[in-house]
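Undergrad: Predicted coordinates and the sequence they were generated for:
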Amino acid sequence: MLRPITLKIDVSKIDKSHLYKGAKGTYLDVAIWPNKEGAGQYGDTHYAVQQVAKDKREAGVRGPIIGNATVPFEGMPQTEPPAKATKPTEPDAADTLEEDSIPF
C-alpha cells in the first residue's frame, strides 16, 4: 500500500513578495528539509521552507519556515513489503530426479 508524503503549510507565514507569476498561475517554491532532531511531537519528520530567488539568497535573505512534512518509511520505498513467499509442500519434479536417472 502506498503511503503519501503529507505536508501542512501555515499559509499566514507565506511571504507573498517571493511568489512569482508563471505561464499557468502564481507559484510558491518550497524546500523540504529533514528535522535535525528526528521526528517532532506530531510525527513530522521534515520542515518546509519558502524558497527565495537566487539573488536574494546570495544576499543572505532566508525564506520563512512555513510548515512541516511527514515522510513515512524514510529512506525506503513507499510501498508495503511483498508478501512472504511460501515454500511448496511437495517437492518440485526437477528436485525428485536422481542423477542416475538422467539418460545422458
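TA: Done, it's in.
Undergrad: Name all residues that make contact with the closest residue to residue 66 other than its chain neighbours.
TA: Nearest non-adjacent residue to residue 66, counting by C-beta to C-beta, 6 or more residues apart in numbering: residue 13, 4.5 Å away. Where C-beta positions appear, they are placed from N, C-alpha and C, glycine not excepted. For residue 13, the contact set (C-beta atoms under 8 Å, 6 or more residues apart in numbering) comprises 50, 64, 65, 66, 67.
Undergrad: ok, so of those, who is nearest residue 8?
TA: residue 67 (4.9 Å; C-beta to C-beta).
Undergrad: just checking, that closest one touches residue 50?
TA: No: applying C-beta atoms under 8 Å, one finds residue 67 not in contact with residue 50, separated by 9.3 Å.
Undergrad: Just the helices from the chain, written as ranges.
TA: 54-58, 93-96 (DSSP state H).
Undergrad: Quick check: which ranges of the protein have low pLDDT?
TA: Flagging of the chain using pLDDT under 70 yields the residue ranges 1, 73-104.
Undergrad: for the chain, what spans make up the strands?
TA: Counting by DSSP state E, the chain has strands at residues 6-9, 20-22, 25-27, 30-34, 46-50, 65-70.
Undergrad: and of these, who's closest to residue 40?
TA: Judged by C-beta to C-beta, the one of those that comes nearest to residue 40 is strand 65-70, at 6.7 Å.
Undergrad: Direction included, what does the closest one pair up with?
TA: Sheet pairing of strand 65-70 (DSSP bridges) gives strand 6-9 (antiparallel), strand 46-50 (antiparallel).
Undergrad: which parts of that strand are buried?
TA: Using 16 or more other C-beta atoms under 10 Å as the test for burial, strand 65-70 gives 66, 67, 68, 69, 70.
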